[in-house]
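Enquirer: sequence first, then the predicted structure, then my questions.
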Amino acid sequence: MIPSLVHSIQWCLRMNRDPLIDEEFGDIWNACKKFTLTSKERGYALYKSVEYVIKNDVQGDFIECGVWKEGVS
């Protein structure tokens, strides 16, 4: 298993892809990154948080407040 993991990481690096971030987020990030000062890691945390809320059918609304320089909260 370890050799296949190493091979996957090496492939991602050759293809200029982040091996720790999934492809769907990469597509979203590439479309949004020019509109924010948020880091890729923080964007991914927000993406995973929204994904959790949707998958678990958490009721309520999303609101963005208290951000600085186009960050996220």
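Expert: The structure has been received and is ready for your questions.
Enquirer: for this protein, what spans make up the helices?
Expert: 2-14, 23-32, 40-55 (DSSP state H).
Enquirer: buried residues in stretch 23-40?
Expert: For stretch 23-40, burial by neighbour count (16 or more other CB atoms under 10 Å) applies to 25, 29, 36, 38. The way it works is simple: take the backbone N, C-alpha and C, and place the C-beta from them, glycine included.
Enquirer: distance to residue 45 and pLDDT added to the residues you listed, as JSON lines?
Expert: Shown next, in JSON lines, are the buried residues of stretch 23-40 (distance: CB to CB, whole Å; pLDDT from 0 to 100):
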{"residue": "25", "distance to residue 45": "10", "pLDDT": "86"}
{"residue": "29", "distance to residue 45": "12", "pLDDT": "87"}
{"residue": "36", "distance to residue 45": "13", "pLDDT": "82"}
{"residue": "38", "distance to residue 45": "10", "pLDDT": "82"}
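Enquirer: now, among these, which is nearest to residue 53?
Expert: Closest approach between the buried residues of stretch 23-40 and residue 53, by CB to CB: residue 25, at 15.3 Å.
Enquirer: show the pLDDT at residue 58.
Expert: Note on residue 58: pLDDT of 90.
Enquirer: how near is the nearest residue to residue 25 once chain neighbours are set aside to residue 35?
Expert: Nearest in space to residue 25, with sequence neighbours left out and distances taken as CB to CB, 6 or more residues apart in numbering, is residue 47 at 5.0 Å. According to CB to CB, to the nearest Å, residue 47 and residue 35 sit 15 Å apart.
Enquirer: same thing with residue 42?
Expert: Noted for residue 42: a distance of 14 Å to residue 35, by CB to CB.
Enquirer: do the same with residue 61
Expert: For residue 61, the distance to residue 35 - CB to CB - is 22 Å.
Enquirer: one step back: what about the residue nearest to residue 25, how many neighbours?
Expert: Counted by other CB atoms under 10 Å, the residues lying close to residue 47 total 17.
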